[in-house]
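Participant: Model the structure of this input:
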Amino acid sequence: MPDFHKGYVADPGRYDAMTYRRCGRSGLKLSAVSLGMWHNFGKLTPYEQMRSIALTAFDNGITHFDLANNYGPEYGEAERSMGRLLHDYLRPYRDELIISTKAGYDMWPGPYGDHGSRKYLLASLDQSLQRMGLDYVDIFYHHRMDPETPLEETMGALASAVEQGKALYVGLSRYDEPTLRRATAILEERHVPYVINQYRYNLLDRSIERDGTKAASAELGRGIITFSPLAQGLLTDRYLDGVPADSRMAHDPRYLKRSALTGEVHDRLVRLNEIAQARSQTLAEMALAWQLRDPAITSVLIGASRPEQVLDNIHALENRAFSADELAAIDEACLS
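Facilitator: Numbering: from 1, shown residues only. Below you'll find the predicted structure:
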């Protein structure tokens with residue numbers, strides 16, 4: 001592992017092995033693997049650990065860093081950490097980075113710190129830029145639908161972010177198909193560079209296949225970036241023999257509860273792991289490769305608590321080809 005210091009120089013071979021995929025029909029490409037900063041970039045994580053994760057990612061071709069206004073803990077801390085990493089190490093490489101952030105969930109008290117109003121979204125973006133020490137972000141997302149705010153107002157706020165030079169592109173997160181289509185029409189009419197949608201998607205959760213949002217995104221020419229591609233760690237070898245004492249499920253059940261590991265889910269994991277082993281992959285590598293075989297998926301968002309996990313996930317790119325028999329076996333393991 002490199003010795004990271006304030007005189008950091010990025011690995012000159014950082015683009016050799018990574019794949020870059022276009023966001024729908026736009027000109028923007030993202031690294032096939034993106035680093036999500038939802039966990040492990042807040043106050044509970046030592047700065048040296050964050051630094052090792054982020055710089056290992058960049059040294060291995062990950063150019064996209066995904067944030068939101070309230071990622072932490074506490075709210076705003078992940079963006080502050082990103083600002084510190086930029087200041088200390090990554091500022092010379094700003095034009096090689098895609099930095100995205102979002103607003104749409106609870107951020108500050110009172111009626112103006114949540115949802116999808118123009119006041120909230122534009123104020124939140126200004127705060128995000130200040131925390132990161134940036135003039136602009138590459139992608140600004142509305143983080144979730146807000147049925148109480150007119151869609152025209154929310155999309156107008158995204159348009160203003162671009163018009164003001166505070167975002168180069170915009171994206172939508174967790175929008176259902178009808179709202180996605182309406183939002184697309186509004187943004188296209190205003191010539192806003194709307195390029196990507198973010199959804200939860202993995203081998204065990206294929207709701208975007210059933211509800212039409214995956215197909216609609218492709219039809220509308222927008223990319224998809226997926227979060228929780230490893231189902232918060234279920235789709236790894238960590239839970240094949242139960243719940244390890246040092247696992248997230250044992251220590252931090254906020255996002256991965258013991259109730260998620262039912263007997264049926266465990267059986268599915270064991271069967272999927274057998275398929276992965278036959279492919280000479282880990283379960284996590286196969287889970288990521290299964291998504292990246294699909295041209296509709298622009299990038300998968302990984303989380304990492306150690307730099308080694310970043311490298312392990314990048315290995316998924318080495319074998320993204322699946323036979324028809326393998327795909328059928330995966331479907332049988334997941335869906336039967």
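Participant: any chance you could map the strands in this structure?
Facilitator: 20-22, 29-31, 33-36, 64-66, 98-103, 137-142, 167-173, 194-200, 223-227, 297-302 (DSSP state E).
Participant: could these be laid out in JSON lines, adding mean neighbour count and mean pLDDT?
Facilitator: The C-beta positions use only the backbone N, C-alpha and C, and glycine is treated the same way. Shown next, in JSON lines, are the strands of the chain (neighbours: other C-beta atoms under 10 Å; pLDDT from 0 to 100):
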{"stretch": "strand 20-22", "mean neighbour count": "15", "mean pLDDT": "98"}
{"stretch": "strand 29-31", "mean neighbour count": "23", "mean pLDDT": "98"}
{"stretch": "strand 33-36", "mean neighbour count": "24", "mean pLDDT": "98"}
{"stretch": "strand 64-66", "mean neighbour count": "26", "mean pLDDT": "98"}
{"stretch": "strand 98-103", "mean neighbour count": "25", "mean pLDDT": "98"}
{"stretch": "strand 137-142", "mean neighbour count": "25", "mean pLDDT": "98"}
{"stretch": "strand 167-173", "mean neighbour count": "23", "mean pLDDT": "98"}
{"stretch": "strand 194-200", "mean neighbour count": "24", "mean pLDDT": "98"}
{"stretch": "strand 223-227", "mean neighbour count": "24", "mean pLDDT": "98"}
{"stretch": "strand 297-302", "mean neighbour count": "26", "mean pLDDT": "98"}
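Participant: Could you dump those strands into CSV and include distance to residue 75?
Facilitator: Formatted as CSV, the strands of the chain follow (distance: least, C-beta to C-beta, whole Å):
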stretch, distance to residue 75
strand 20-22, 31
strand 29-31, 26
strand 33-36, 17
strand 64-66, 16
strand 98-103, 11
strand 137-142, 17
strand 167-173, 17
strand 194-200, 19
strand 223-227, 18
strand 297-302, 20
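Participant: Tell me which of the ones you listed approaches residue 266 most closely.
Facilitator: Across the strands of the chain, residue 266 has its closest neighbour in strand 194-200 (20.8 Å, C-beta to C-beta).
Participant: tell me what that closest one is packed against?
Facilitator: Applying 3 or more C-beta pairs under 8 Å, 6 or more residues apart in numbering; DSSP states H and E, we find strand 194-200 packed against strand 137-142, strand 167-173, helix 177-189, helix 207-210, helix 213-219, strand 223-227.
Participant: could you dump the ones you listed to JSON lines with distance to residue 157?
Facilitator: Formatted as JSON lines, the helices and strands packed on strand 194-200 follow (distance: least, C-beta to C-beta, whole Å):
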{"stretch": "strand 137-142", "distance to residue 157": "8"}
{"stretch": "strand 167-173", "distance to residue 157": "10"}
{"stretch": "helix 177-189", "distance to residue 157": "11"}
{"stretch": "helix 207-210", "distance to residue 157": "25"}
{"stretch": "helix 213-219", "distance to residue 157": "21"}
{"stretch": "strand 223-227", "distance to residue 157": "21"}
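Participant: where in the chain is pLDDT low?
Facilitator: Along the chain, the model assigns pLDDT under 70 to residues 1-6, 242-260.
Participant: where do the helices sit along it?
Facilitator: Listed in chain order, the helices of the chain (DSSP state H) span 47-59, 77-85, 118-132, 151-163, 177-189, 207-210, 213-219, 248-251, 263-278, 283-292, 307-314, 324-335.
Participant: Counting by contacts, list what the longest one packs against.
Facilitator: With contacts defined as 3+ C-beta pairs under 8 Å, 6+ apart, the packing partners of helix 263-278 are helix 283-292, helix 324-335.
Participant: Let's have the helices of the chain in a markdown table, adding distance to residue 22 and mean neighbour count.
Facilitator: A markdown table is the format used below for those (distance: least, C-beta to C-beta, whole Å; neighbours: other C-beta atoms under 10 Å):
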| stretch | distance to residue 22 | mean neighbour count |
| --- | --- | --- |
| helix 47-59 | 20 | 20 |
| helix 77-85 | 25 | 23 |
| helix 118-132 | 25 | 20 |
| helix 151-163 | 19 | 20 |
| helix 177-189 | 17 | 16 |
| helix 207-210 | 19 | 13 |
| helix 213-219 | 12 | 19 |
| helix 248-251 | 33 | 16 |
| helix 263-278 | 28 | 16 |
| helix 283-292 | 13 | 24 |
| helix 307-314 | 19 | 20 |
| helix 324-335 | 24 | 14 |
